[in-house]
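[1] Next come a sequence and a model predicted from it.
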Amino acid sequence: MLLVVTSANDPDLALLSTRPSVAVVVPAHLSQAGWRYEVGAGRLSRLVTSRGEVGADELSGVLTRSQRVWKRDLPHIHEDDREYVAAEMTAFLAALIHEMPCPLLNRPTANSLWGPSWTSEHWWRAAAREGFPVCSNRQAICTDVASIVVVGKNAIFENGLLPDRAVDLSLLLAASAEVNLLETRFCRAHKALQDVTLRPELNQDVLVEIERHCALAGRLA
């Protein structure tokens, strides 16, 4: 079963709920009884999810779609306590995810649950080092965008024209950031990299590729 750690505001939450092979954790689940975790014994952990209680040893992989738990994610917590509880939940998730005995799409870092907290400037500099042009414009001409989703060493891209070397650059950026999942967006007008996100838009094809990647990575572990 693929575990997806996200927020109740995730635009792809409805899609995730349609796949019986996916269990979702949102911040509200962390306030429910049934969790078990001991440092150094991640394999014995039990989690409370959209599919009920799930053991860590039942998971095929972990996909994280939130940088952290935010105050706005905790309407059920007293307002005065939300910032503290959000910080504690974030720290708990980081420790738990690190110890999951299954492939992680993007491993948490010190300040981000979904991988390195790179800004647009970080991605643009990485692209520039590869000699690839970047587009920082937000003009009307720049709204014609093509995208590529990288899952492991594979790239999924929409129909339409992509700039030359776009796929190669996307794979290089993933390797540079040491992540297994990202989405690159290209301005077709300028044939340049526009932006990168570690929370790509999901569809059934992307989810199938994520589950395939986790299955393969699990066999090779």
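    On my side now, so go ahead.
[2] Every contact and neighbour count from this point should use C-alpha atoms.
    Fine.
[3] In this structure A87 contacts D73, no?
    No. Shown here, A87 and D73 do not form a contact pair, counting by Cα atoms under 8 Å, at 11.6 Å.
[4] More neighbours: which of these two?
    For A87 versus D73, neighbours defined as other Cα atoms under 10 Å are more numerous around D73 (17 against 14).
[5] Give the partner strands of the helix or strand bottoming out on mean pLDDT in the chain in its sheet and their orientations.
    Among the helical and strand segments of the chain, the one scoring lowest on mean pLDDT, DSSP states H and E is strand 154-157, with a mean of 89. Partners of strand 154-157 in the sheet, by DSSP bridges, are strand 145-151 (antiparallel).
[6] rewinding a little: got a list of contacts for the least confident helix or strand of the chain?
    With contacts defined as Cα atoms under 8 Å, 6 or more residues apart in numbering, strand 154-157 is touched by 146-150, 167, 170-171, 206.
[7] Write a ChimeraX command that selects only the buried members of those residues.
    Per 16 or more other Cα atoms under 10 Å, the buried members of these correspond to this ChimeraX selection:
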select :146,147,148,149,150,167,170,171,206
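[8] which stretch of helix or strand covers L172?
    helix 166-177 (DSSP states H and E).
[9] Would you mark the buried spots in that helix?
    166-167, 169-174, 177.
[10] Just name the closest of those residues to C135, please.
    Using Cα to Cα, A166 comes nearest to C135 of the buried residues of helix 166-177, at 13.4 Å.
[11] Model confidence for the closest one, exactly?
    Note for A166: predicted pLDDT of 94.
[12] again with L44
    Residue-level confidence at L44 comes out at 95, pLDDT.
[13] That one against E58, yeah?
    No. With contact defined as Cα under 8 Å, L44 does not count as touching E58 (10.3 Å).
[14] what's around the spatially closest residue to V151 that is not a sequence neighbour, how many residues?
    Spatially, and ignoring its direct neighbours in sequence, V151 is nearest to L181 (4.8 Å; Cα to Cα, 6 or more residues apart in numbering). Neighbour count for L181, taken as other Cα under 10 Å: 26.
[15] Specify which member of the contacts of strand 154-157 is nearest to V22.
    V206 (13.2 Å).
[16] Doesn't the closest one lie inside a helix?
    Yes. Under DSSP: H, G, I helix; E, B strand; the rest coil, V206 sits within a helix.
[17] What residues sit buried inside the least confident helix or strand of the chain?
    154-155, 157.
[18] cool, and stretch 175-188?
    177, 179-188.
[19] And stretch 85-95, by the same measure?
    Here stretch 85-95 shows 85-86, 89-91, 93-95 as buried, counting by 16+ other Cα under 10 Å.
[20] Rebuild those as a markdown table, extending it with distance to V54 and pLDDT.
    A markdown table is the format used below for the buried residues of stretch 85-95 (distance: Cα to Cα, whole Å; pLDDT from 0 to 100):
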| residue | distance to V54 | pLDDT |
| --- | --- | --- |
| V85 | 23 | 97 |
| A86 | 23 | 97 |
| M89 | 18 | 97 |
| T90 | 20 | 97 |
| A91 | 20 | 96 |
| L93 | 15 | 97 |
| A94 | 18 | 96 |
| A95 | 17 | 96 |
